[in-house]
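Trainee: starting from these lines, generate the structure:
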Amino acid sequence: MTTAYDEILRRLRQQADPAAVAGMAHYGIVGQEVFGVKVPVLRALAKEFGRDHALAGQLWAYPSRETRVLATMIDHWRWVDEAQMEAWVVDIDSWEVCDQACGNLFAHTPFAYAKAMEWSARPDEFVKRAGFVLMADLAHRDQKTTDAALAAFLPVIEREAGDGRNFVKKAVNWALRDIGKRNPALNAQAIATAERLIARPEPPARWNGRDALRELTSKKVQAMLLKR
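Mentor: Down below sits the predicted model:
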């Protein structure tokens, strides 16, 4: 009898696209195994097979880009505990799987704020990135959170802004910008953070400060904030 897991693997192998794999690698989308199946196709598969915690675990255990992205779509945050988050985050080997895991699953759990803080202090590149991606996701999506909860991320952003690793640096920047676009009060605090970063000696910190400040003070963002 063919299981859902077997059928998903069969389809992924059937749709493997070496040209797409090469294109993805150009943008840092890599992994132990990559089939080259696009995200909309994976979303369609996830919708077809539905929510299934056990299947998600099986898919994550298979070390491919596609199975792990699918796992984050098929699982549900209500079934996820801290142990699973810790086990999965250390397996992440690309920025894309990191961002999909955070956006599709981790950011919706009750552990998201604590993990953002914890992971941001870890040395592993993709674990650290996950911490800052969670901050950005929470600032963007969590409509029930408080300004204080998001402002608590700003000192952490400032602390880690000197990390020059590309996937960390960009996530730090993303978090700072999304917090600063939340409302006028957080915008002012994020701008102050960016200005302090610009005065730092480390090039990554200065880049983070300048890039964030450019967007946070732009006419587009300021006009958007006036409407809120």
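Trainee: every contact and neighbour count from this point should use C-alpha atoms.
Mentor: Noted.
Trainee: confidence score at Ala199?
Mentor: If you check Ala199, the pLDDT there is 98.
Trainee: what is the burial count for the residue nearest to it when sequence neighbours are not counted?
Mentor: Once flanking residues are discounted, Ala199 sits nearest to Arg206: 6.8 Å by CA to CA, 6 or more residues apart in numbering. Arg206 is flanked by 20 other residues according to other CA atoms under 10 Å.
Trainee: residues contacting Arg206?
Mentor: Leu197, Ile198, Ala199, Arg200 (CA atoms under 8 Å, 6 or more residues apart in numbering).
Trainee: tell me the spacing between it and Ala190.
Mentor: According to CA to CA, to the nearest Å, Arg206 stands 14 Å off from Ala190.
Trainee: got it, and Ile92?
Mentor: Taken as CA to CA, the span from Ile92 to Ala190 is 29 Å.
Trainee: those two: which has the busier surroundings?
Mentor: Between Ile92 and Ala190, counted using other CA under 10 Å, the more crowded position is Ala190 (28 against 21).
Trainee: pLDDT averaged over the host helix or strand of Ala71 - what is it?
Mentor: Assessed by DSSP states H and E, Ala71 sits inside helix 65-74. Mean pLDDT, helix 65-74: 98.
Trainee: hmm, who's touching it?
Mentor: If you take CA under 8 Å, 6+ apart as the criterion, helix 65-74 is touched by 9, 12, 30-37, 42-43, 45-47, 49-53, 55-57, 59-62, 97, 100-101, 104-105.
Trainee: walk me through the domains of the chain.
Mentor: 1-93, 111-228 (automatic domain parsing).
Trainee: pick the most buried one from those domains.
Mentor: Scoring these by mean neighbour count under mean count of other CA atoms under 10 Å gives domain 111-228 as the most buried, with a mean of 19.
Trainee: for the chain, what helix or strand is lowest in average pLDDT?
Mentor: Lowest on mean pLDDT, DSSP states H and E among the helices and strands of the chain sits helix 18-26, with a mean of 93.
Trainee: tell me the first helix or strand C-terminal of that helix.
Mentor: Next along the chain after helix 18-26, taking DSSP H and E as the criterion, comes helix 39-49.
Trainee: now for that next one, which elements pack on it?
Mentor: On a contact count with 3 or more CA pairs under 8 Å, 6 or more residues apart in numbering; DSSP states H and E, helix 39-49 meets helix 65-74.
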